[in-house]
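Colleague: Predicted model and sequence follow; I will ask about them next.
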Amino acid sequence: MYVCGMTVYDFCHIGHARVMVVFDMIARYLRHSGLDVSYVRNITDIDDKIIARANENNETISELTERFIVAMNEDSDALGVLSPDNEPKATLHMPQIIEMISTLIDKKHAYVGNNDVYFDVSSFENYGRLSGKNTEELRAGERVEVQQEKDDPLDFVLWKAAKPGEPSWASPWGEGRPGWHIECSAMSTHCLGNHFDIHGGGQDLQFPHHENEIAQSVCSTGEEFANVWIHNGFVRVDEEKMSKSLGNFFTVREVLQKFQPEVIRFFILSSHYRSPLNYSIDNLEEAKSALNGLYTALRDAPLDAAGEPIKKTIDEFNDCMDDDFNTPKAIALLHELARDLNRNSDKSSKKAAELTVTLRYLGTVLGLLQDDPQTFLQAKSDSSTDDLDEVAIQNFIDERVAAKSAKDYGKADQIRDHLQSLGISLEDTPQGTIWRRN
C-alpha cells in the first residue's frame, strides 16, 4: 500500500490527521486479517511551497523540512498512528525520478520544451478513467492561456528547469527539479514494484495528481499500476470548507490542546472514511462522551480479565470492516459490548471476562482503547486563555519574531507551541503575525 503523505513546510492540520488515521486503520485491519502488509507513505520535501517558506524564514530547505518532519511524527505518534514500513523522501530518489522521465521520453510519452519536460497526455488513451474526467471537456474548460512550450493545455510538467536561487539537480535536460506528480510515481514503483495492490490519499488528490501518476507509471513500465484506489473524504469545519482565508483552519496541535489524542482518533473513525467529516467542537464533545462510555465500561470490568474473545462478535466486526472498512458499524459493535458489560452484574463472571477481552481486542484493531481506563477518564485539558491578556500575547509574538530574525527557529517554534497550548493561534502574513483565540 502506497499513500501520498505530507508536504513538510508547516504543521499538520486536521485534514492530514484524517489521512494518517484512516490509512493506519486500514493497515491495522489488513494485518489483523492475516495479510502481510508493506505500507509506504512518502514525504514531499521539495516543492514550490517549501522553497517559498524557506526563503521567507531565511533558512535552508533541509532545516525547514527536517523540523516539520519531526513535528509531523510527533502529531502522528500522539494520534496512535503506527509508523509506515517505509517513508521515502523525494529528494533521496532523484536517480529513480530521472530514470523514469528518460524512459517516458524514449517511449514518446514526454517531450522537452524550453528545458522543461512535459508529459504528453494525448499519448495515454485511458487518461481520466480514475476520476471520470473527459479530456475533451477538460480542454474545453481550460481558461488559462497555453504555455508556449506545451503542446497541449492538459500536458503536465515532469521536470522544471532551474531558477536562480532555487535548489536543483543535474539531469540530461540541465539543472532542475522534478514536478510533484513524477515524484510519487518514482517512489511508489521503487518501493513496491511496478504493480502493487493499494494506492491511497485524500480525495483532493484524485485529480489531477493520481490521474497523472497512473499515466506516467503505466506509460513508463508498460504494466498496470495499482489494483485498488482508496480516497478519504474531505474535512469540513462547521459545515464549511476548511480554509485559512475563512479563519477555520486548525492544526493537529491546536486541537490536541482541547481534546485527548484518542478522542480525535475516535472522532475520525466514527465516520466512514469516504464520507465528508465535519469538524466542530460539538462533534468532538460527542466523540469524547462516546469514548468515555467505552472506557467507563472497561474501568468497572475486571483488570485481569482472561479468556477467549467472543467469536460471533469478532465475525460481525470483520464483516463490518470487510464492507469497505465500515468503521461506524464496527464502533457500534464496541458500544454493544460495553452495554452488555455494564448490564452484567457479576463482574467476576466468565461472561464479563469474555466481554472485556473482546472489547479490548477489537479496540486494539482500530487503534483505540489503548490507555488505562482510570487514567484516561481522569485526564483533563486546560484550554482557558482568559488569564492571558493582549499585551502578554503581543510580547510572546515579538519574542518569536526576534527569535526568527536570529535564526533560532527552535525557540520560535517553542513560543508558537506554547501559545497554541493556551488556545492562541498565530498566522504569519506579509503584514506581520496575527493571532486569534480558539
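Modeller: Arrived safely, thanks for sending. Residues are numbered from 1 along each chain as shown.

Colleague: measure the residue of the chain most remote from its centre to residue 339 for me?
Modeller: Relative to the centre of the chain, and counting by Cα atoms, centre = their mean, the farthest-placed residue is residue 346 at 43.7 Å. Distance of residue 346 to residue 339, given as Cβ to Cβ, to the nearest Å: 16 Å. Quick note: C-beta positions are derived from backbone N, CA and C, even for glycine.

Colleague: Residue 54 too?
Modeller: 53 Å.

Colleague: same check, this time on residue 366
Modeller: Taken as Cβ to Cβ, the span from residue 366 to residue 339 is 18 Å.

Colleague: Who has more neighbours out of the two?
Modeller: Taking other Cβ atoms under 10 Å, residue 366 and residue 339 do not tie; residue 366 has more neighbours (24 against 13).

Colleague: Give me the domain ranges for this structure.
Modeller: Using automatic domain parsing, the domain parsing of the chain gives 2-235, 281-378, 383-437.

Colleague: Is it correct that residue 423 is in contact with residue 257?
Modeller: Yes: contact criterion Cβ atoms under 8 Å: residue 423 and residue 257 qualify, at 6.3 Å.

Colleague: Near residue 219, how many other residues are there?
Modeller: 22.

Colleague: ok, now which ones touch it?
Modeller: Residue 219 makes contacts with 104, 107, 109, 119, 123-124, as judged by Cβ atoms under 8 Å, 6 or more residues apart in numbering.

Colleague: quick one: secondary structure of it?
Modeller: Three-state call for residue 219 (DSSP: H, G, I helix; E, B strand; the rest coil): helix.

Colleague: again with the one 10 residues further on
Modeller: At residue 229, secondary structure determined by three-state DSSP is strand.

Colleague: From residue 129, how far out is it?
Modeller: 11 Å.

Colleague: my guess is residue 128 meets residue 138, correct?
Modeller: Yes: between residue 128 and residue 138 there is a contact at 7.4 Å, judged by Cβ under 8 Å.

Colleague: More neighbours: those two, which one.
Modeller: Counted by other Cβ under 10 Å, residue 128 and residue 138 do not tie: residue 128 has more neighbours, with 21 against 17.

Colleague: helix, strand or coil for that one?
Modeller: Quick answer, by three-state DSSP: residue 128 is coil.

Colleague: got any ranges where the stretch 101-250 of the chain has weak pLDDT?
Modeller: 141-148, 244-245, 247 (pLDDT under 70).

Colleague: residue boundaries of the strands in this protein?
Modeller: Ranges of strands within the chain are 2-3, 40-41, 110-113, 116-119, 156-161, 176-178, 196-202, 226-232, 235-237, 240-241, 277-279, 424-429, 432-437, based on DSSP state E.
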